[in-house]
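1. Predicted model and sequence follow; I will ask about them next.
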Amino acid sequence: MVENSATTIERIRSTPKIDLHRHLLGSVRPTTLWELARKYDLNAGRQSLDVFRRAIVRHTPALDLADYIRPWAIFREVIRTPEDIHRVAREAAEDARLDGVVYVEFRSSLPGMPITDGHAPQTRILAGEYLEAIRDAFAQSPGIVCRLVASVPRHAVGRASPGQILEYADTFLSAIALYREVVVGVDLTGIERGWPVKLFRGFFVEARAAGLPVTIHAGETEGPEEVWSAIDDLGATRIGHGTTAVSDPQLVRELIRRDVVLEVCPTAGWLTGSLKDRRRHPVIECESPIRYVICSDNPTLNASVLSQELLLAARGADPEEFCREQFRSAARAAFAPDAVPTAC
Ligand SMILES: [Zn+2]
């Protein structure tokens, strides 16, 4: 008898999993955000929950990456206090656990920096308060180990002068230095087009000197040259997406030689327009043994959890065996490998 997909997804859900690429704000519960918008008497809170939800959750591809990340303007307006981000982090951890995730690296940019991406309200929270709230929320989340990768928003920071970027790096790295038990790495996020990876070399040289491993969003909407730059100029050992990397055979060989891991997010790739079909991902279909881990990226925006992403990626393989294989690969690629539960 052929197993139906509801049964298969349940088998995947009950198999322990690791998620290495999951944005904290992209995991917020719409109901929580709506309640906060009402509490602060914001326009967004005057809409019905259904209308509000439709502004955040995507079911069809966006026009481009800028369109896809539009809900961040709402997140930043609505999340205003350390208590708000504590609630968001606690609920995000709980939702991941309910999907069978046992180790997760959430990622988030930091408020209170010298350069912001223009959505000011969140900057009312200081970086230290923000990190403390997240650390406490993670500590209060049973059954799952949560860590944070701190992100640099390229479309904001890239506008600054080299001197301002260094000031940003000092403030950013000083803030996370006090929370290294929870912050395990750094990332470059945001709109790729117009903000080449090499602009941020100075920041990531300093981050690596501080002992922080690096993952870079690259090759999602731009070509393989951005992935080259991420590994050569910024020292990335993991790449967020890297969808276009497989179009360059020399790069594929180099990624394998350096044991770089691609964080593959099928539904996000489809919704940002970089994939025509979320069941056909060039990295998964690549004939060379390129290392990849399946990740959820933004469960709320994508209306998809990690189990569904693994179901899409398994392509007919035994789902539990595929999950176990993914677990081993992700445990080796984690930025805090000693904190990964020995679930498999
Ligand atoms: Zn991402």
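-> Cool, the structure landed.

2. so where do the strands sit in the stretch 1-150 of the chain?
-> For the stretch 1-150 of the chain, applying DSSP state E, counting those that start in this stretch gives strands covering 17-23, 101-109, 145-153.

3. just checking, what packs against the shortest one?
-> This means strand 17-23. Using 3 or more C-beta pairs under 8 Å, 6 or more residues apart in numbering; DSSP states H and E, the elements in contact with strand 17-23 are helix 82-98, strand 101-109, strand 261-264, strand 291-294, helix 306-314, helix 319-333. Placement of C-beta: from N, CA and C, glycine included.

4. Show the contacting residues for residue 302.
-> Going by C-beta atoms under 8 Å, 6 or more residues apart in numbering, residue 302 touches 26, 58, 265, 267, 268, 271, 296.

5. Most neighbours of all the residues you listed, which one?
-> residue 265 (32 neighbours; other C-beta atoms under 10 Å).

6. shouldn't that one be in contact with residue 239?
-> No. Here residue 265 lies out of contact with residue 239, judged by C-beta atoms under 8 Å, at a distance of 11.5 Å.

7. shaky segments in this protein?
-> Within the chain, the stretches with pLDDT under 70 are 1-4, 116-123, 343-344.

8. if we can go back for a sec, tabulate the strands of the stretch 1-150 of the chain in CSV, adding columns for distance to residue 9 and mean neighbour count.
-> Listed next are the strands of the stretch 1-150 of the chain as CSV, based on distance: least, C-beta to C-beta, whole Å; neighbours: other C-beta atoms under 10 Å:
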stretch, distance to residue 9, mean neighbour count
strand 17-23, 12, 27
strand 101-109, 14, 25
strand 145-153, 23, 24
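
9. Compile those strands into TSV and extend it with columns for distance to residue 95.
-> Listed next are the strands of the stretch 1-150 of the chain as TSV, based on distance: least, C-beta to C-beta, whole Å:
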stretch	distance to residue 95
strand 17-23	10
strand 101-109	9
strand 145-153	11
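
10. now for the ones you listed, which one comes closest to residue 135?
-> The closest of the strands of the stretch 1-150 of the chain to residue 135 is strand 145-153. By C-beta to C-beta, the value is 8.1 Å.

11. Only alpha carbons, please: show the next helix or strand after the closest one as PDB.
-> For strand 145-153, the following helix or strand on the C-terminal side (DSSP states H and E) is helix 154-157. C-alpha atoms of helix 154-157 as PDB (Å, rounded to 0.1, in the frame of the first residue of the first chain):
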ATOM      1  CA  ARG A 154      23.600  44.100   4.000                       C
ATOM      2  CA  HIS A 155      21.200  46.600   2.500                       C
ATOM      3  CA  ALA A 156      21.500  48.800   5.600                       C
ATOM      4  CA  VAL A 157      25.200  48.400   6.500                       C
END
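
12. which other residues reach helix 154-157?
-> The contact list for helix 154-157 (C-beta under 8 Å, 6+ apart) reads 115-118, 165, 168, 188-192, 194-195, 199-200, 203, 217.

13. which residues of the stretch 151-300 of the chain fall in strands?
-> Per DSSP E, counting those that start in this stretch, the stretch 151-300 of the chain carries strands over the ranges 183-189, 214-218, 238-241, 261-264, 291-294.

14. May I see the ones you listed organised as a markdown table, with distance to residue 227 and mean neighbour count added?
-> Formatted as a markdown table, the strands of the stretch 151-300 of the chain follow (distance: least, C-beta to C-beta, whole Å; neighbours: other C-beta under 10 Å):
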| stretch | distance to residue 227 | mean neighbour count |
| --- | --- | --- |
| strand 183-189 | 12 | 24 |
| strand 214-218 | 5 | 28 |
| strand 238-241 | 6 | 28 |
| strand 261-264 | 9 | 26 |
| strand 291-294 | 13 | 23 |
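
15. and residue 275, what is it in contact with?
-> Residue 275 makes contact with 243, 266, 269, 281, according to C-beta under 8 Å, 6+ apart.

16. Might one say that the third one is in contact with residue 278?
-> Going back to what we said before, that points to residue 269. Yes. Using C-beta under 8 Å, residue 269 is in contact with residue 278, at 6.7 Å.

17. Out of the contacts of helix 154-157, which end up buried?
-> Among the contacts of helix 154-157, the ones that count as buried by 16 or more other C-beta atoms under 10 Å are 115-117, 165, 168, 188-192, 195, 199-200, 203, 217.

18. Residue 281 touches residue 263, doesn't it?
-> No. Using C-beta under 8 Å, residue 281 is not in contact with residue 263; the gap is 11.9 Å.

19. Just want to know which of residue 269 and residue 278 has more residues nearby.
-> Shown here are residue 269 and residue 278; by other C-beta under 10 Å, residue 269 has more neighbours (25 against 20).

20. Identify the residues contacting that one.
-> Residue 269 neighbours (C-beta under 8 Å, 6+ apart): 220, 241, 243, 275, 278, 281.

21. neighbours around the third one, how many?
-> Other residues within reach of residue 243 by the criterion other C-beta under 10 Å amount to 26.

22. Could you find the closest non-adjacent residue to it?
-> Using C-beta to C-beta, 6 or more residues apart in numbering and skipping the chain neighbours, the partner closest in space to residue 243 is residue 274 (5.1 Å).

23. repeat for the second one
-> Leaving out its chain neighbours, the residue that sits closest to residue 241 by C-beta to C-beta, 6+ apart is residue 220, at 3.8 Å.

24. and the nearest residue to residue 314 once chain neighbours are set aside, how many residues sit next to it?
-> Spatially, and ignoring its direct neighbours in sequence, residue 314 is nearest to residue 322 (4.3 Å; C-beta to C-beta, 6+ apart). Using other C-beta under 10 Å, residue 322 has 19 other residues around it.
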